[in-house]
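**Student:** Fold the following, please.
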Amino acid sequence: MDIGVVLQTTPPAARVVDLAKRAETYGFSHVWTFDSHILWEEPYVIFSKILDETRNVIVGTMVTNPATRDWTVTASTFATLNEMYGNRTVCGIGRGDSAVRVTNGKPTTLATMRESIHVIRELANGRGVDYNGSTIRLPWASKSRLDVYGAGYGPKALKLIGETCDGFILQLADLSIAEWTIGAVRTAASDAGRDPDEISICVAAPAYVGDDLAYMRDQCRWFGGMVGNHVADIVERYGESAPVPAALTDYIKDRQAYDYNEHGQVGNVHTAFVPDEIVDRFCILGPVEAQLERLHALADLGVDQFANYLQHDAKDHTLAQYGEHVIPALRDQTLARS
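**Tutor:** Okay, the predicted model is just below:
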């Protein structure tokens, strides 16, 4: 299993770059960031600096959306980074949350998301694509390679991801929900004539290495509120009989207003409705042994990467604990002599 890290592009950007460099030193495979241009700094500019100061780590959006930028701009940006630094990018994409809601927009439809995935992936892989009535390509991007990962929770989104995407991002680390969503993605892939095992699975959630469970819960409760925004959309669409596990929907019954000024922040006052049980299930909290137990269980479900949302007050400590203890324990041991 690969281990990635998810960073908010909160100023100063130099701190984000420093964490990314340290993550590579510790053996992390990916550095992901939010893509919400009003709340935080522009990720692609920071990607360029990260790539310039690292050698191997892959950078990507968790997640972009079809509404903020023209799809051809997104494709061109990724392809440019690939030309400058080698093929070290990945595009995570969803329907849109904070990036569109802060500007009084709405998440795009799944049909729009499907179309955008096709255009971005074809262009950023040097191929031609029909767009606005013409066949276009990036003539300078023949060597660019870009995988597109889809993020979602609902049955229709999971079906789309299985039919179209190179990878699936699940933004929570609950084992039962992971099993259900991964199964839905793989079934959709198989039904579409694809090899389901070729779809990479990335689970992303906060991980906090420590011993004070109550304190760690309060540091990560914001995540249940963030996930709740997407779950609320599913419940609004389907009602309380939504065709998703009750483990995903029941906890938002007491959810009220949500202020995006506090989105993704520790201490978000609009996440008080998130119970301790949800924080424990959605996040990975505890000492190294607890981290490894959950990660091994996720790997058994077919998860290829765990991406750690490093958004709490123990960023440096958790990064070091993962680099010095968790990542080495996950690696296959190769003997010099037997």
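
**Student:** Which helix or which strand is home to Leu123?
**Tutor:** helix 110-124 (DSSP states H and E).

**Student:** That helix: which residues count as buried?
**Tutor:** 110, 112-124 (16 or more other C-beta atoms under 10 Å). Using the backbone N, CA and C atoms, a C-beta is placed for each residue, glycine as well.

**Student:** Helix or strand next in line after the longest helix that the chain contains, which one?
**Tutor:** Counting by DSSP state H, the longest helix found in the chain is helix 213-238. Using DSSP H and E, the next helix or strand after helix 213-238 towards the C-terminus is helix 246-249.

**Student:** Buried residues, that following helix. List them.
**Tutor:** For helix 246-249, the neighbour count (16+ other C-beta under 10 Å) marks Ala247, Leu248, Thr249 as buried.

**Student:** likewise stretch 38-47?
**Tutor:** So for stretch 38-47, counting by 16+ other C-beta under 10 Å, buried means Leu39, Trp40, Glu41, Pro43, Tyr44, Ile46, Phe47.

**Student:** Other residues contacting the helix or strand bottoming out on mean pLDDT in the chain?
**Tutor:** Between all helices and strands in the chain, the lowest mean by mean pLDDT, DSSP states H and E belongs to helix 246-249, at a mean of 90. Here helix 246-249 makes contact (C-beta atoms under 8 Å, 6 or more residues apart in numbering) with Tyr153, Asp174, Ser176, Ile177, Val231, Ile234, Val235, Glu240, Ala242, Arg281.

**Student:** ditto for stretch 118-125
**Tutor:** By C-beta under 8 Å, 6+ apart, the list of residues contacting stretch 118-125 reads 71-72, 74-76, 78-79, 82, 91, 93, 128-129, 131, 136-138, 141, 144-148, 164, 166.

**Student:** Please enumerate the strands of the stretch 201-338 of the chain.
**Tutor:** 284-286, 305-309 (DSSP state E, counting those that start in this stretch).

**Student:** For the longest one, name the packing helices and strands.
**Tutor:** Spelled out, it's strand 305-309. Applying 3 or more C-beta pairs under 8 Å, 6 or more residues apart in numbering; DSSP states H and E, one finds that strand 305-309 contacts strand 2-7, strand 30-33, strand 200-209.

**Student:** so which of those strands comes closest to Gly105?
**Tutor:** Between Gly105 and the helices and strands packed on strand 305-309, the shortest gap by C-beta to C-beta is with strand 30-33, which sits at 20.5 Å.

**Student:** angle of the next helix-or-strand element following that closest one against strand 2-7?
**Tutor:** Per DSSP H and E, the first helix or strand lying C-terminal to strand 30-33 is helix 43-52. Angle, helix 43-52 to strand 2-7, by axes from the mean of the first three to the mean of the last three C-alpha atoms, to 10 degrees: 130 degrees.

**Student:** Helix 43-52: how far from the chain's middle?
**Tutor:** From the chain centre to the centre of helix 43-52 is a distance of 17 Å (C-alpha atoms, centre = their mean, to the nearest Å).

**Student:** going forward, begin numbering at 27 instead of 1
**Tutor:** Okay, using 27 as the starting number, the last item reads as helix 69-78.

**Student:** Using CSV, write out the CA atom coordinates for the helix or strand that comes right after that helix.
**Tutor:** Next in sequence after helix 69-78, counting helices and strands by DSSP H and E, comes strand 84-90. This file holds the C-alpha atoms of strand 84-90, laid out as CSV (Å, rounded to 0.1, in the frame of the first residue of the first chain):
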residue,chain,number,x,y,z
ILE,A,84,3.4,12.6,-7.4
VAL,A,85,1.1,15.7,-6.9
GLY,A,86,-2.6,15.9,-7.5
THR,A,87,-5.9,17.6,-6.7
MET,A,88,-8.2,16.2,-4.0
VAL,A,89,-10.3,17.3,-5.6
THR,A,90,-10.9,19.6,-8.6
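
**Student:** And stretch 324-337, what's buried?
**Tutor:** Neighbour counts over stretch 324-337 (16+ other C-beta under 10 Å) mark Leu324, Ala325, Gly328, Val329, Asp330, Gln331, Phe332, Ala333, Asn334, Tyr335, Leu336, Gln337 as buried.

**Student:** Ignore what I typed, I meant stretch 195-208.
**Tutor:** Residues 195-201, 203-208 are the ones in stretch 195-208 that count as buried (16+ other C-beta under 10 Å).
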